[in-house]
Structure formats: structure tokens, C-alpha cells
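J.: Test case, fold it:
(3 chains)
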Amino acid sequence: MSGAAVRNGGSVRSMVRSPFVLMVGAVLTWFIAAFLVWPNLNVLIATFFPDGSFSGRAAEKLFSSQRAMKSLGNSFLLALALSITVNVVGIFIVLVTHYFKIRGSRILFLGYATTFIYGGIVLAAGYKFIYGDKGIVTSLLLTVFPGMDPAWFSGFFAVLVVMTFATTTNHMLFVGNALKGVDYQTIEAARNLGASTWTILRRVVLPMLKPTLFAVTILSFLTGLGALSAPQVLGGREFQTITPMILTFANSPTSRDLAALLAVILGVSTILMLAVMSRFEKRGTYYSLSKVSSALQKQQISSPVANAAVHTVAYLLFALYTLPVVLIVLYSFADGAAIQTGQISPGSLTLDNYVRVLTQESGLRPFVISVVYSALATVIAVGGLLLVARLLQKYRNWVASVFEYLLHIPWILPSALLALGLIISYDHPNPLVGGAVLTGTTVILLIAFVTVKIPFTLRMLKASFASVNSSMEEAAAIMGAKTLYVFRRILLPIVLPAAAAIAALNFNSMLDDYDTAIFLAHPLVQPLGLVIKANTDGAEGVEGVANTFVYTVLLMVITGLTMYLVYGRSSRRRAGRKNSAAGASPDPATSPALVAAGTEPAAPVR
Amino acid sequence: MRKLQTLVAAAVAVILLAGCGGGAASPAASGDASTAPPAGSGETLVVYTNSNGEGRGEWLTAKAAEAGFKIEVVGAGGADATNKLIAEKNNPIADVAFGLNNMYFAQIKAEGALEPYDPAWAGEVDTALGDSGDGKAYWPLVKQAILLGYNSDKITADAAPQDWTDLWTKEEFKDRYERVTGLGTATAQLVFAGILTRYKDESGDLGVSDEGWKQVEQYFQNGSPAVAKTDLFARIAAGEVDLGQMPSSIIAEREKSFKVNVETVAPSVGVPLAVEQVALVKGTDKKEQAQKFIDWFGSADVQGAFAQQFNSMPVNKTAATKANPEVVEFFADVKQQDIDWDFVQENMGAWVEKIELEYMT
Amino acid sequence: MIRLDNIEVSFGDFTAIPHLDLHVKPGEFFTLLGPSGCGKTTALRTLAGFIEPSRGAVHVDGKNVTRLPSDKRQVGMVFQNYALFPSMSVWENIAFGLRVRKEKSAESDRLVRDIARRVELSDEQLHKNVAELSGGQQQRVAVARALVLRPKILLLDEPLSNLDAKLRHQLRQQLKDLQSEFGITTVYVTHDQDEALAMSDRVAVFNKGVIEQVGTPQEIYDQAATEFVCNFIGDSSPLTSEFVAELNRLSGAGLSPGANSYLRVEKASLTPPLDGGRAVGLPGTVASRTYHGLHSRYVVRSHGTDVRLLVLEDGNVQPEVGAETTLYVQPGHVLQYHPGTGAALAKQDQAVALP
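T.: Purely as a prediction, here's the structure:
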């Protein structure tokens, strides 16, 4: 088994010869068939072939609707604009924190990194609290310019601004690390040839970051395309996008075909973007050419004027980034009425909200449920896919490719549609799951959570396996280690840091999920997202809104903690063994895996 | 191997999660949440409702406990609760559902998710307000008027609009009323039912004349869109808008919370009346217990107490005597709009879709 | 000890090795030498069991191992980048194979310490993380890890290529010493001819998946069997047919003027050989001279040929650029190859210089 598996780069023949591969393949086939293909096929058939024959009703309705067409256009406009603005801001903050000598860059980094710990509706709401028509900044501006429009912060501009800031997370994560991998000698060489700071940046440094920049650009594009909460909160009537429409129509049984059609449109765009990206990926990543690359040293900006300007912009951005967080923390101490009217006085700040949430069992419960669900889904997705990713990376043949494409299905369809598919397929006894009815159980939401996280997890894990030197495995095989033993003892320890980072990102992104939970959650085991949504809708009364802020702050604490555990600690460990000459261990923070494979459309503000 | 282990571990963990989750709430409910259909080990009833806000859920749970019922109230919006009941029809979690109006319950009944049952208090309510079909499955509990309210500190009764249509035909109300940005809530759907039903026209699009659709168009063009996360009363308090839709039962409490005074409009055609219903869920294995609960909940005593606590208007004639006199008076005066519910229910899905696609700019 | 019979290896449509026969004797230090992409590593990996040949057989110690997985072939391997497991300590790395074999832990420890001592790794180093070791120490760990299982064959896949020149020289010696101490049959892959010549008992020169020549270092240097080997190993000047004809005329040697002819740089001289021997003198002009300290490299133009040669800087006065000089060449040193096949031409009876 051990030997056969290693030989000749994985033909289909060698694949079917291994009983281990066959077993994993069987389980995988079942999972894909039962939870990825069948449910979604069901939705599409039910919507486009309602009576067994094709119905063009949805297309007809959509294309004759001005609003739908305009929303679709807006979604693409947002996607395009976001691809540009995110790069501008993202590259700037990465350079300020990693490349240039800026005073207080450590503090700046923490400020820019706040988008790691919160997102979605909470982030959009946070910005609205500050810049909205009753916001603090707006009030200030009104005293200076009494004539200005209090609702200045709405529409396309506001959505773009908020989403730009929210999406730079990817730059911080991927571009920042790619920059760390740039060989400093190339910069020194360029300076020696007489290049200015600007020329070095433009002609030497940025081109080396190109593959990563391309990947995050696509991420930004997809995030813009699927934008949900920011347009909802800040878009106003003149800037609506497509995803809120999908959710609306998915909720109405008579209009589901519209939701499905819109989802298919988004899905096709996503596929196109991914295809473009894999082409680009194949053209290769730039790896350091030299065997003795030296660590990047921060660059002084020589022109005092430019230096002052960069400092100013950097700290201005810092304020923009941190203000919402500060206010959310502040509001979490205020009472419901103060939050709703946007007027806060020092006297209205108490610990009451925290006492209420943390001591009442009904307040804490959704929190615990979300943490348990996210943790379970993360462990299953990462744990299960570790093996799958490994096999897909090892066997490169058509069978493996088919599996890989199928596993990307959740990326193509919005999670609301995936959830609907699960309901339609499993609200009656189904032989695919042993004749059980899954609706109304706690398992169905877990399945959805795992499913939704598969594409991202798979891509990341596969890349981190790819970055492990293959001779490591051969060395173990030649000493008689079996496939599983090699996996457990050699590969797993090497990819574990990357896997932990992926797990942390997954865990954080699922904590406040709403789209899937609304369809699938067990009514007695409701996760936090539902409670937050109920609170923001006002159905739970004004107290609920205050609870939301407490939940948000608690979520920030948890996500902040997971990020620290994974990234903070690993970066300290890395510092301890700089001279590493042996094996390229894919550290989560430096791993080309995480850099090259960074492609998650389900980004923060979706 | 590993994959299997993971799956087994996950399954164990899910059961643990379900167990501890259910157990934390009420130890007897732990069986309900496992992958198997509810084992019925405990006698805890699961109650779905869209009417649990403002302390209603907690009040009901406490009162039910006094009466010897262990219940677990699960809150969800009207449309969501409806979708859930339908999705779970082959493996029901809920034993009882209440609070949804006729429109929703008719839909659920059509999907075969309700069990016909005649409660003990069937004689005390006006059956015309409940299930009009064969095998009565849902029964009326509370009347709710869907009203157009205005800030009475700013607008005098004389200057106030006389009907919804005044909002967009009279210059002074343009951009001063809040208009919805979605039609997911029962209240919003009823507002449109009340408007569109006036323009019923067999030859019109979806049974509504062009004039009717023009009203919808005007409504959306001239209103101030609702703001996500911001209550209408908060916007009234802030002076952003002065008018908007509201269900009758929330007015008193919100007036207090946001320190505003609100009066309501009484159009000559009447106001849409939503009647919140209660029903037994089909397939429950605690049928007997659930029936007892419905008998208890709909009784004059409980409905009376509920009405006193939450300013609601009970359908139960005996309970009505215990309700807040102001409320009784209001409902005595209020004219119920004559709405063809069959027509509305048949077309609501398509109406919502058309409005979403064509008018909600 | 090792026999590769009629081996063919292909990857999909691409045939990496069309036909390979090879025989390695017990205890031998055998080197596969060739430029990158010539198939030498493929041959090694076929031997190790990482690649399954599409045809042919691999025998180790008389036993057919063609279908055996690598761990059943009793081969140890040192990888180009050593492939040490970064998640384990030095001790754990060396003990890895023993633990896979479920060796008792006391016995494992004894074996690990024993092999570590023989490759000169200290006890303290055993408990370090592999990343903390220098390149030379890492190599010793890799060798120890391969040898602790007492394989019949040790395979080395360019283990020195990632190191800087000085360390490479030092480790080359260390490897050779280790090999002779253990007396283990070793197959070594390299593209560095210097390494191959200095370390090997025998060398196989690869080109495009085919072995061009197998022989002792001296044989492949002095009697390069093919034009490729002649060019790949050492440094030589191509000779024009006019030059060869002149050489024939002066010496009466039967060199073929139509063949591709070469002369090693160290075989031409500006001074007549001391024994008078069979060298003939040809007039030429010094075209260039590069000073290297120990010697100078000259290019002397004669009969249309730029003959490169080395002159020892022994303190004597040497000719400057442009000077007329005499080039001394022994016709027997001229290497001749068939212009079509590249095969060496059989040496004619070599006549002495005409008086």
C-alpha cells in the first residue's frame, strides 16, 4: 500500500489499487452525492422544471423587471469598483504596516486588523452609527456646515466605503505575508541601480506580489457581487443589490425560481472568475530565486513631504478603522432607547446589558450553541478534508479533478439556496441518508455548515499539502511507513499550523451565520445569528438591540482570541527559529499555501 | 478510517450538543433534539409562534407552568414560522403553533401539516374568524388591527390623513411616512392586502386593476424607506418621519419606550383585521397534552389575562370582558375592512413578487 | 549487487528512459552522472521503488524487486534536501524507521546512538530540532537515518547540490569516508563531474535517458566512449580537419580527418615533452592568455584551430599574446568520434613522429 501509493504520480489505476483510497473515495462519493449534488439538483429542477418541462417564467419576470436588472447591474458595479478600491486601500495599509518605516506601525496594524474580528451586519451598522444621518461625525459636520445633507453617507458611495474597509482583511492576511516573502536583496539591488523608493515599489516589489494581488482582487470582486448587509443597511433606495433580493425570493415558495435564477447568474460569474484565477495560478507564483534570501527591512520614505503625507493618511485610516469598533463597545453599555435614537450620555452607560446577557440562561444559550456548532463544523470540515485534500493533491487524474470540481459547488450557489435544497431533499425519508428525515433535527444545520465551508477549506488545505516537499514522504515510505502512518506522523504535523489557521477562519465566519440557520436551525437549538437578526428587526424589543451589541462585543472577543491563538502565537514561534534550513514548514502566517490559495468569496461583509 | 472516526465523533458530538442544549433549557426536552424523531420522553410541548415578543413568550411559559404545562416557546417571524412548519411536516418538532394569521395557517393547512381539532372553547369564539374550510384546523385567538399611525404631537387629528391613499395623494405627507423595504412581515402583507383588495378586477394583472397597481407605485415612490435596525417609533421620535404602519397591540408599549404619542387613522373602508390563530401540529406524539394546552390557552381565563397583560383584543367573548376597556372600545369602534381572504391568499405570493420586482425601487 | 535489466520508464506519453541496463557491484561507490533532465534521478528513483518501470526488471542482491514497494527493497536514501521531518527532533528523525518497524524502544535508542556516534553526532545534537542544525550536521542526520535500518544499498540523490562550494568539498569527503567505513554499496546521483570523478569507483554517464558510458573515472575521462561524454567531462578543444590532416602529415598517424576530433586542454603543450616521445610540433600564434595564479590558460591558433591549453606558472618566461610559438601534440591523445553516431573511433596503430 505504502509503495504503490507513491509511484508514478497517481494514475487512476494506482488510485483504485489502494483500498484506503477506495474507502475514502466511497465516503466522499456518498457525501458529495447526498449533500452537494442531490439537494441542489432538486432545487434547480423544482424551479426550472416545475411540471417536468422547462419554464422560462423566471427569466421572463426578471429580465422585464427594472429593479432586478438595476440591482444586478449595481452588484456588478460594486464588484468592479470594490476590486479597485480594496486594492488601493489594502496595498496602502499593507505597505504602511509592513514595508515603510512608519511611526507606531504596530498600533496601526492593530487598528487595521479590527476587520478580522467583526463583519457582516454589525460592521455595516457600526459605520452607520458614526456616519449615518444621526451619527456622531454627521452631527459634528452639521455644526460646521449647517447646510449639508445629513444623509450624505448612503447609497453607492457609502456601501463602497464600508465594504472597502471590511474587505482589506484579505490584504492584511495574504498580501502582508507575501510581502514578508520578498527577498530584500532584490530591493537593495534595485536601489543600487539608482531606483527611487517609488520605482522600487512599482517595478520590483509590487510585481512580485502580483499573483497574491490577483487572488485578493478576485476575492474582492466576489465579495462585492455577493454583498448583502452593507447595501441593505447603507444602500438606501438608489443602491440596491442582488443578494438581498435572492434572500427575499428564496423565502417565498412561489418566487423561488427567481431566487434560483439570480443565484445561477451569480454562480456563473463566480465560476468565470475562478476559472480566470486558476489560469493565472497556473502561470506560476514567484518564489524567491536565491537560496539565501534576506529578511525585508522597513524602508524610510526619503521625501519629508511624502513621509508626512503617508503618516497623515495612515493615521486617518486608522481612525476610520477603529471608530466603529470603539463605538460598538461603547453602545454595548448603553440602554436600548439610547441606541435607537443614537444619543448617548455618560450616565446612560451601565453594565446592565452584560449582566442580562451573561446571567440569563436565555441570553447565553444562543452563544453557546453557536460556538458548539461552529467548532463542530470546523473540526469536521477541516478534519475530513485533510485526508481528501491530501489525496486530491497526490492523485492528479480526471477522477480526482471531477471530485475537486464537485466539492466547489457550495461556492457557486448562495447558502440560502443550499439550505433550501437540503430541506426539499430531506424533509421526507430518503435512502441517501438511511431513510431518515433530516428536517427538524440538529444535524441538518451542521451538514449545511460543513458543506458551506468545504471549498475554502479544501483549497487552502490542498495548497498547504502542495507546499510540503514530496521527498519527505518518500523518505518515510522507504523506511517502511504506511500511507496513514506517513500522514499522521509526517504530513499532519507539518500542515497542522495551516490547518489551525483555516479552522480559526472557518470558526469565526460561522459564529454569526444567519442565511443557513434561518432555514435549518432546530427551533430549540437556535444559533446566535438568528437571535441577532431577531434583535435587529426589533421583534425582541429594544432590549434585544442592546443584547446584539453585547453579543457583538463577545464575538469580537472570541474571534480576536482565536486569531491570536493561531496567528499571534505562530508568529512568535517563527521568530524563534529564523535560521530554519530544513523542510519548508507551512507556517500559517508565511505559508505560500495560505497566500496563493486565498480565495473565499464568503468574505466578511457578505 | 479517520474519516469514519471523524464522522462517528461528530455524530456523538451532535447528540451531546443536542442533549446539553436541550437540557440547559429544560432537562425533559433533551430527547427532542436528537437525530431520531422526538422520543416523547418528556412532556415538554414545543410551541411555535410569531407572537412571543415584548415578554409574551416569557409570560406564557410562566403561566403555563403554573397550570402544569411545560412549554418551550420558539419565536420566528410569520413567514419563517410558516416555512418551518411546512419544512418539518414529516418530522415535526412543534406540537402547537399560534399567533399566525389565517393567511399563513391556510397555507400550512394546505401542505397537510395541521391536525384538525375542536378545542373546548370552540363555542366561545366567532368561527367565521377562523378556518373556513372543512375539518377546522385553526382557531381564532386574538384580533389585531393593522393601522396607519401618526405622531399626534406633530399632526392634529384634523390634519391627519383619512386613509392610506392620502399618504401619496396629499403633498404634506409625501416623504413623511415610512414605507416598507420588504414584504416579509405579516403586517406589511396585510397593508397591501387592504389596499389591493379594493381594486379587484378580473381582467387586471393578478386580479388587480391598473389603478390599484398605480397606488402601489405611488406608495413606494413617495414614502421614506424603512431603515434596517431602526424601529418606526425611533424614527418618529427622531422626527425623521411622522406616519407609518403598525399592528394595534404594540402601540402602547412602544409609545412608552420611545416617549412619543401616536394616534391611528380610521379609514372609511375600515382597517385590515388580522386574526391570530392557534392550531395543533400534525404528527405530534404529545397530541393529548397539546390538545389540553390549546384548551387551556384559548380559555376565557387565560385569554383574559393575556389581554390584560398585553393590551390585546381576545376573540373569546368571555375573555373580552376582562380585556383593557380602551382596547375593547377601540375594537368596538373600529370598522373591519371587508377583505376577500381567498382572493388575497391565492394571489399574495404573486403580488409580493410583482411588488418586489416592479415597484420596490 | 544491483542489476537493472532492460528498464523502460515512461510518464504518460513521455519516455524518460527508453532502455537501461546497469550493473553495480557489491561495496561499490557507483555514480550516475549527467546534466539535469538526463534521466539519472529517474533511474535512481526506479531503483528506490518510487517509480514503477513500464518494462524490465530490477534485481537487488539477486532478488527481483521490480514489483516490491520501496521499503521492502532494503535500500536507504538520502534526499537532495535531506527531507528531514521538521516536526521531529534529530533523534526522532533517525529512529523513525525503527519505530515503524516496531523495534523495542531500548533497542531503538541503542541503534540510534550507535549510528549517531558513527556519523559523529553528539548526544546533545540528538535532542535538537533539525532546523537548529547546520547543513553538514543535517547531512549526517540524513545519512544516519538512512543507515540505521542497515540497508543493503545506500542511494544518494544530489545531496550536496544545495550547499555552498566550501561546504560541498568538505561534505564530499565526509560522505566518501562514511561510505568506505560502512562498506555499503552506494549509488550516487550528481550533475557535478568533479564530484563524480573524485568520489566514485565507477561512473555511468547519462544523456537523454541513455547511458553513454560506464567506467572508472579514469576510463570515462581518458577514453570517453562518446562525443557527449568527451564534451561533458573535462575541457577540450575541437580540432578542425585541416589540423588533423597536418597532424597526420607530421606524425604519420592514421587519424581520420573527417571525424569530430578533440584534444583535452592538459594534453597540449608549448614545450616538447621531456622524453621526446611521440609529440609533434605545430607552429601557432598565441591568441589569448588568462592568468590563474597556479597556471595560465592559453588559446593558440594553428591550422584553423583554436587550441586551448594550460601552462604551469612555474616562474619561467611564457609567451605573450601575438607571439609565434610551437604547439606540441601527441596524436594518440586526439579523441575522435563518428560525426553521425558520436561513437568513439577505434584507435589506429599510432605511428611515431617521422624523423
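
J.: Give me the contacts around stretch C:328-340.
T.: For stretch C:328-340, contacts defined as C-beta atoms under 8 Å, 6 or more residues apart in numbering or on different chains pick out C:224, C:226-227, C:230, C:236, C:239, C:244, C:247-248, C:251, C:253, C:255-256, C:258-264, C:267-273, C:277-282, C:307, C:343-345, C:347, C:350-351. C-beta coordinates here come from the backbone N, C-alpha and C atoms, glycine included.

J.: no, scratch that, I was asking about stretch B:156-170
T.: So stretch B:156-170 is contacted by B:148, B:150, B:172-174, B:177, B:191, B:194-195, B:215, B:218-219, B:221-223, B:243, B:263, B:265, B:267-269 (C-beta under 8 Å, 6+ apart).

J.: Could you check the pLDDT of residue B:349?
T.: Note on residue B:349: pLDDT of 85.

J.: where does the stretch 101-250 of chain C come near chain A, residue by residue?
T.: C:101, C:129-135, C:138, C:145, C:149, C:157, C:162 (C-beta under 8 Å from any C-beta of the partner chain).

J.: Only whichever of these are buried, select them in ChimeraX.
T.: Selection of buried members from these for ChimeraX, criterion 16 or more other C-beta atoms under 10 Å in any protein chain shown:
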select /C:129,130,131,132,133,135,138,145,149,157,162
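
J.: hmm, back to that, mark which of the contacts of stretch C:328-340 are buried, thanks.
T.: Members of the contacts of stretch C:328-340 classed as buried by 16+ other C-beta under 10 Å are C:224, C:226-227, C:230, C:236, C:239, C:244, C:247-248, C:251, C:253, C:255-256, C:259-264, C:267-270, C:278-282, C:307, C:344-345, C:350.

J.: These in strands, which ones?
T.: Secondary structure assignment (DSSP state E) places C:236, C:239, C:260-264, C:280-282, C:307 from the buried ones among the contacts of stretch C:328-340 within strands.

J.: how about these in JSON lines, adding distance to residue A:113 and pLDDT?
T.: Compiled in JSON lines, those are given as follows (distance: C-beta to C-beta, whole Å; pLDDT from 0 to 100):
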{"residue": "C:236", "distance to residue A:113": "63", "pLDDT": "91"}
{"residue": "C:239", "distance to residue A:113": "70", "pLDDT": "93"}
{"residue": "C:260", "distance to residue A:113": "67", "pLDDT": "91"}
{"residue": "C:261", "distance to residue A:113": "71", "pLDDT": "92"}
{"residue": "C:262", "distance to residue A:113": "66", "pLDDT": "93"}
{"residue": "C:263", "distance to residue A:113": "69", "pLDDT": "92"}
{"residue": "C:264", "distance to residue A:113": "65", "pLDDT": "91"}
{"residue": "C:280", "distance to residue A:113": "81", "pLDDT": "87"}
{"residue": "C:281", "distance to residue A:113": "80", "pLDDT": "89"}
{"residue": "C:282", "distance to residue A:113": "77", "pLDDT": "90"}
{"residue": "C:307", "distance to residue A:113": "69", "pLDDT": "93"}
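
J.: nearest to chain B, of these?
T.: Using C-beta to the nearest C-beta, residue C:236 comes nearest to chain B of those, at 59.4 Å.

J.: need the contact list for that closest one.
T.: Contacts for residue C:236 (C-beta under 8 Å, 6+ apart) come out as C:230, C:262-265, C:308, C:335.

J.: Between those residues, which sits nearest residue A:224?
T.: residue C:230 (64.1 Å; C-beta to C-beta).

J.: what about residue B:271, neighbour count?
T.: 23 (other C-beta atoms under 10 Å in any protein chain shown).

J.: Quick check: chain neighbours aside, which residue is closest to it?
T.: residue B:145 (4.9 Å; C-beta to C-beta, 6 or more residues apart in numbering or on different chains).

J.: Tell me which helix or strand residue 211 sits in.
T.: If you meant another chain, say so; for now it's chain A. Element membership for residue A:211, per DSSP states H and E: helix A:210-225.

J.: that's the wrong chain, I meant chain C
T.: Using DSSP H and E, residue C:211 falls in strand C:210-215.

J.: so what's residue B:208 bridging to?
T.: With DSSP bridges as the criterion, residue B:208 is bridged to residue B:200.

J.: Go ahead and confirm it touches residue B:196.
T.: Yes. When contacts are counted by C-beta atoms under 8 Å, residue B:208 is listed as touching residue B:196 (5.1 Å).

J.: Now do the contacts for the residue in chain A positioned nearest to chain B.
T.: Closest contact between chain A and chain B, by C-beta to the nearest C-beta, is at residue A:254 (3.1 Å). By C-beta under 8 Å, 6+ apart, the contact list for residue A:254 reads B:349-350, B:352-353.

J.: hmm, 6 Å instead?
T.: Contacts for residue A:254 (C-beta atoms under 6 Å, 6 or more residues apart in numbering or on different chains) come out as residue B:349.

J.: tell me the SS of residue B:94?
T.: Under DSSP: H, G, I helix; E, B strand; the rest coil, residue B:94 falls in the coil class.

J.: Which residue is the nearest non-sequential neighbour of it?
T.: Going by C-beta to C-beta, 6+ apart, residue B:94 has residue B:48 as its nearest residue, at 4.3 Å.

J.: mind checking pLDDT for residue 325?
T.: This is for chain A. 88.

J.: Oops, wrong one, chain B.
T.: 88.

J.: same question, the one 5 residues further on
T.: You'll see residue B:330 listed with a pLDDT of 87.

J.: how deep is it tucked in, by neighbour count?
T.: 18.

J.: Could I get the phi/psi values of the one residue in the stretch 1-150 of chain C that gets nearest to chain A?
T.: Going by C-beta to the nearest C-beta, chain A is nearest to residue C:69 of the stretch 1-150 of chain C, at 2.1 Å. The phi and psi torsions at residue C:69 (degrees, to the nearest 10) take the values phi -70, psi 160.

J.: can you check residue A:298 too?
T.: Dihedral angles for residue A:298 - degrees, to the nearest 10 - are phi -70, psi 140.

J.: next one: stretch B:110-129 to chain centre, how far?
T.: Centroid separation for stretch B:110-129 versus its chain: 17 Å, with C-alpha atoms, centre = their mean, to the nearest Å.

J.: Alright, calling it a day.
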